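**Q** Kindly return the folded structure for what I paste below:
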Amino acid sequence: MNKQNWTSVYEAYANKIIDPNVVPGAIIALAKDGEQIYEQTFGYSNVERQQEITLDTVFGIGSITKSFSCIAIMQLQEAGKLTVTDPVVTYLPQFRFADEAASKQIAIHHFMSNSAGIPPLASLFGALRRSIEEDPDHALFLPPFDKKSIQELPYIDTYDDLLAYLAATDLALLGEAGTQFSYSNEAFGLLGAIIEKVSGIPYEDYVKSHILEPAGMTNTVFSIADLQENVSVSTLYTKRLTDGKPELFASPHWLDAPAQRAAGFLKSTARDMLRYAEIFRTGGCVGDVRILSAASVAQMMTPHIGIDSFINYGYGLFITPAPHHHGGSLVEHSGGIKGVSAQMHILPEAGITGVVLINADGALPVRGLLAAALNALQERPVDTPEFPYPDYVPDSAAMAEYIGDYSSAEGSNVAVSLTGETLTISIKLGEIESALPLVPVGSDQFIAKLGPGMTNSVIFYRDENSRVNRILFGFRQLSKADRKS
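**A** Residues are numbered from 1 along each chain as shown. Have a look, this model is predicted:
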């Protein structure tokens, strides 16, 4: 398929799945062997002004920031200042949970791979609290960013505040360090504290001088105020309730959480992000500048803990090894916060890198846009599923075991119900509730189809008595409510 054919097929599909009421503006950019081969924009950087999007328009990248934090840790390991197997308490003596002995077993490696066993917590919202309260639109925000959700949380402004919050939670870890995957913003926030302590300079300054500047990422910053005056910045869009239904509106204030910047607060451009993705395609280099050793990149891209039958987590990266992703490995991460939906893909064997940036939160097509482009580019039907999940027929008697309500301290609430032979998961966000059918793909494993090209792994966990006690949804483990007699 020549360029004209694949791009026209892709763009027809993209325009079909993009709803302007969900995606105000987006850009996709692809590169092959380090050379940009494609870019396309949809909508506007600012809808009201019909401001165009370019390769140099600044968007948020959310949790893709986590991989930057892991690069920083690997650089410090190369410099002999730490090793990833060091216990966290070596650098943060105040780090502890109720089980202090278990806390001391948690290493930097476990933070980087989301395998520390920390259940979902609300610390991010405490870290965001001042920023949310300063936002002129905060009265309109939906859960979990609304005033009611955050008003009982402590202000978590510093790393010491975050450590104190964790010490006071009295939580039980999900399991022994290294045995349970659950996405943890707290872990990555504290990687920033470790980087700061070991390097002797603020986390943000370290990332700028050791990653952004050497990689030539000239329009990538933690604070919009650090950009040159002529740089175009996307307007943020988020949702409010209008007549009981979610509606996008322009809300330009950027949220910030100084104690958790290492978890997800960089802003960047499509051009800069293609440069960044080169680190993982090339084994550590951007052009002729080496950012990280090939061995360190390989360590970051190693599947350190499994999530489902295909997807694993490395260091700040989701990893799908070959041949589960169309014959080649897939290295990726997504990002989302107020006004931000972002996706980065790297296909190392194919030499392909790609990024999609959207100026709205909860924009489900973000992953589908990138997956579809890679399908078209590699001459597959544009809607080919990313992962070959098998057909699976579960034991019908076991299906009832999944029924129940699941929640976390982070504010997630889901309910699983069974109608006939169809299992359904309902997601509750304040007054908004959506229901998705679950497709069985393995023992205690399902996928929820969120939209075109978008699935979410749903896994049920059992306790020592084989009773279902937790669910993985949104890459976080939620606990099942006790049954009332």
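
**Q** show me the contacts for S113.
**A** For S113, the contacting residues are F181, H304, I305, Y313, G314, Y315, by Cβ atoms under 8 Å, 6 or more residues apart in numbering. Bear in mind the C-beta positions are built from the backbone N, C-alpha and C, glycine included.

**Q** show me where pLDDT drops low in the protein?
**A** Within the chain, the ranges that satisfy pLDDT under 70 run 1-4, 327, 430-431, 453, 483-485.

**Q** Which helix or which strand is home to the nearest residue to W6 once chain neighbours are set aside?
**A** Nearest residue to W6 in three dimensions, chain neighbours excluded: A376, at 4.3 Å (Cβ to Cβ, 6 or more residues apart in numbering). Using DSSP states H and E, A376 sits in helix 365-377.

**Q** Look at the spatially closest residue to L227 that is not a sequence neighbour and say how many residues are nearby.
**A** The shortest distance from L227 to any non-neighbouring residue, by Cβ to Cβ, 6+ apart, is to V221 (5.8 Å). Applying other Cβ atoms under 10 Å, we find 21 residues neighbouring V221.

**Q** quick one, helices of the stretch 351-485 of the chain?
**A** Here the stretch 351-485 of the chain has its helices, by DSSP state H, counting those that start in this stretch, at 365-377, 396-399.

**Q** which one of those is the most hemmed in?
**A** Neighbour counts (mean count of other Cβ atoms under 10 Å) averaged over each of those peak at helix 365-377, with a mean of 25.

**Q** could you list every residue that touches the closest residue to L364 other than its chain neighbours?
**A** In this structure, L364 finds its nearest non-sequential neighbour in G451, 4.2 Å apart by Cβ to Cβ, 6+ apart. By Cβ under 8 Å, 6+ apart, the residues touching G451 are I17, L364, P365, G368.

**Q** hmm, back to that, other SSEs contacting the helix holding A376?
**A** Helices and strands touching helix 365-377, by 3 or more Cβ pairs under 8 Å, 6 or more residues apart in numbering; DSSP states H and E, are helix 3-17, strand 25-32, strand 328-337, strand 340-347, strand 352-358, strand 454-462.

**Q** rewinding a little: could you measure from the residue nearest to L364 over to S8?
**A** Per Cβ to Cβ, to the nearest Å, G451 is found 22 Å from S8.

**Q** and if you look at D160?
**A** Distance of D160 to S8, computed by Cβ to Cβ: 55 Å.

**Q** how's this structure carved up into domains?
**A** Per the record, the chain has its domains at 1-388, 396-480, by automatic domain parsing.

**Q** just those domains: most buried one?
**A** domain 1-388 (a mean of 20).

**Q** quick one on the thing from earlier: hey, what's the angle from the helix holding A376 to strand 352-358? Just curious.
**A** Here helix 365-377 points in a direction 150 degrees away from that of strand 352-358 (axes from the mean of the first three to the mean of the last three Cα atoms, to 10 degrees).

**Q** Residues contacting helix 365-377, please?
**A** Defining contact as Cβ under 8 Å, 6+ apart, one finds that helix 365-377 is touched by 1, 6-7, 9-10, 13-14, 17-19, 22-23, 26, 28, 30, 38, 334, 336, 341-343, 345, 347, 352, 354-356, 358, 381-384, 386, 451-454.

**Q** now with 6 Å?
**A** 6, 9-10, 13-14, 17-18, 28, 341, 343, 345, 354, 356, 358, 382, 384, 386, 452-454 (Cβ atoms under 6 Å, 6 or more residues apart in numbering).

**Q** Stretch 421-438 too?
**A** Contacts for stretch 421-438 (Cβ under 6 Å, 6+ apart): L142, P143, N413, V414, A415, V416, S417, F446, A448, V458.

**Q** Likewise for stretch 145-160?
**A** Outside stretch 145-160, the residues that reach it (Cβ under 6 Å, 6+ apart) are A122, S123, F125, G126, A127, R129, I132, P143, L162, Y165, A193, A259.

**Q** Rebuild the residues you listed as CSV, extending it with distance to S296.
**A** Formatted as CSV, those follow (distance: Cβ to Cβ, whole Å):
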residue, distance to S296
A122, 33
S123, 28
F125, 33
G126, 33
A127, 28
R129, 36
I132, 36
P143, 39
L162, 26
Y165, 31
A193, 21
A259, 26
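
**Q** from those residues, which single one is nearest A400?
**A** Nearest to A400 among the contacts of stretch 145-160, counting by Cβ to Cβ, is P143 at 29.6 Å.

**Q** my hunch is that that closest one is in a strand, does that hold up?
**A** No. Assigned with DSSP: H, G, I helix; E, B strand; the rest coil, P143 falls outside any strand and is coil.
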